[in-house]
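*Asks:* With the sequence up front, the predicted model follows.
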Amino acid sequence: MEESTHDGITALVGHLEGELSRAQQHAQLTAADDRSLIRARTDVEAVAAWLNEYRHSAQTLRAYRKEAERLLLWLKAEGEQGRESALASLDRERLEHFEAFLADPQPAEVWIGSVRARKHPQWRPFRGPLAPASRRQSLVILQGMYAWLIEAGYLSRNPFRLMRDKRRMDNRTLRIERYLERPLWDWLWGRIEAHCEELTPLGASPEDGVSRKRFVAERQRFLFAFAYLMAPRIAEMAAARMGDIVKREGQWWWRVIGKGAKLAEIPLPPPMLEALVRWRRLLGLSDLPQALPADESLPLLARLDGTTALGDNQLYRLIKQTFTQAAADMRQRIQSPGDASELMARTLDQASPHWLRHTAITHQAQAGVELRFLSRSARHSRLDTTSRYLHAEDSEWQQQMARHSLATPGHPPEAPEHDS
């Protein structure tokens, strides 16, 4: 079953990619009959037509396709077990099974794997079980897909509408918890800095005699500086170009197109400008970006040739590799089971690249950046999303609650008087 399921995954992904490519080239909005508004004969063609609506927003398209693929692949596996495999066959009970599958995709060797190119034979739809917030996001996206297919006349019912709590935040995620606390970040950044110093000859400037190891170390330094100081999403890092760093009114800004194809400009703090100058010197460029075509088109984060951009998956692997190596180093510091070093090593093991964005926003909040500016830097459409990063109040809350005691300080308890 496992081989046939994997073969089915490979075939379906190839089919969906082919249909999506055709959908992007030809708008599939011509009625196939009196009931349908799209020219779709199969579920894959219908999903491709839905995805085509997001062709101008690369990040949204990527996220939506991922969730649609997971559902189609699960239905394919269901079909191989003798159950119905069409989108229209999904009912409330089977939707419960699908949600359980998202929480624990089994068999793991078929569904879970490390980051690979989509056409690689070991590519898998999952990197691991989905957390509650990720499962919620998946269900919300798929509800929207079903709603669109109903409007298009392809489907007649939407089982996701019956899930009452799909849009309600899980009580366990009132605060952002997937981030590196300040002491752990300071240690990690110190480790990155120390590695660069080890590979820099005494008295050499950053741009002198760049070896492969030194280039990789300096790129790692710039990558983590950029991720921590600017809070980009990984797709935004992959798309960033030198020409996106612009000077306006004497101040430097990062121009970025984020989720929903929204354009934003984020201020570059002094440490980011310093990191940029150091990185550009290593690449043999002028200290700061110039309004020249050759300069503007260069990627901020490049491969070893210095001119080819790193893709999403490559950036993911580089960041994850850094966390894994740092966790191994941290384990060398463990002195007793359960001590702070062991807890930090576990955190690093769990950390994903998106944790850097959470870390950046959380630490900005703790440093006193006002909510209105924090929200603009994070590019959140809602303030309540940004407010989940406000951990600074927790310390004040602890201090306030410390005033509440079982006994008045400085006054030993006295025996109460009894009426005789």
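*Replies:* Noted; the coordinates are in hand.

*Asks:* Which stretches in the stretch 251-400 of the chain count as strands?
*Replies:* Along the stretch 251-400 of the chain, the segments classed as strands by DSSP state E, counting those that start in this stretch run 251-257, 263-267.

*Asks:* how close does the nearest residue to Leu87 once chain neighbours are set aside get to Ser85?
*Replies:* Spatial nearest neighbour of Leu87, excluding adjacent residues (C-beta to C-beta, 6 or more residues apart in numbering): Asp43 at 4.7 Å. Placement of C-beta: from N, CA and C, glycine included. Counting by C-beta to C-beta, to the nearest Å, the gap from Asp43 to Ser85 is 8 Å.

*Asks:* can you pull the contacts of Leu263?
*Replies:* Arg255, Val256, Ile257 (C-beta atoms under 8 Å, 6 or more residues apart in numbering).

*Asks:* Among those residues, name the buried ones.
*Replies:* Val256, Ile257 (16 or more other C-beta atoms under 10 Å).

*Asks:* which among the contacts of Leu263 gets closest to Ala147?
*Replies:* Closest to Ala147 out of the contacts of Leu263 is Ile257 (26.5 Å), distances taken as C-beta to C-beta.

*Asks:* Do I have it right that that closest one meets Ala235?
*Replies:* No: between Ile257 and Ala235 there is no contact under C-beta atoms under 8 Å: 9.9 Å.

*Asks:* Next, show the common contact partners of those two.
*Replies:* Taking C-beta under 8 Å, 6+ apart as the contact criterion, Ile257 and Ala235 have no common neighbours.

*Asks:* just to revisit the earlier point, isn't the residue nearest to Leu87 right next to Leu90, touching?
*Replies:* No: in this structure Asp43 lies outside contact range of Leu90 using C-beta under 8 Å: 10.5 Å.

*Asks:* Between the two, which contacts overlap?
*Replies:* The contact sets of Asp43 and Leu90 overlap at Leu75 (C-beta under 8 Å, 6+ apart).

*Asks:* sorry, back to before: would you turn the contacts of Leu263 into a markdown table with distance to Ser286 and pLDDT?
*Replies:* Output for the contacts of Leu263, formatted as a markdown table (distance: C-beta to C-beta, whole Å; pLDDT from 0 to 100):
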| residue | distance to Ser286 | pLDDT |
| --- | --- | --- |
| Arg255 | 19 | 91 |
| Val256 | 22 | 88 |
| Ile257 | 25 | 86 |
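
*Asks:* Format the contacts of Leu263 as CSV; extra columns: distance to Leu37.
*Replies:* Converted to CSV, the contacts of Leu263 look like this (distance: C-beta to C-beta, whole Å):
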residue, distance to Leu37
Arg255, 38
Val256, 35
Ile257, 30
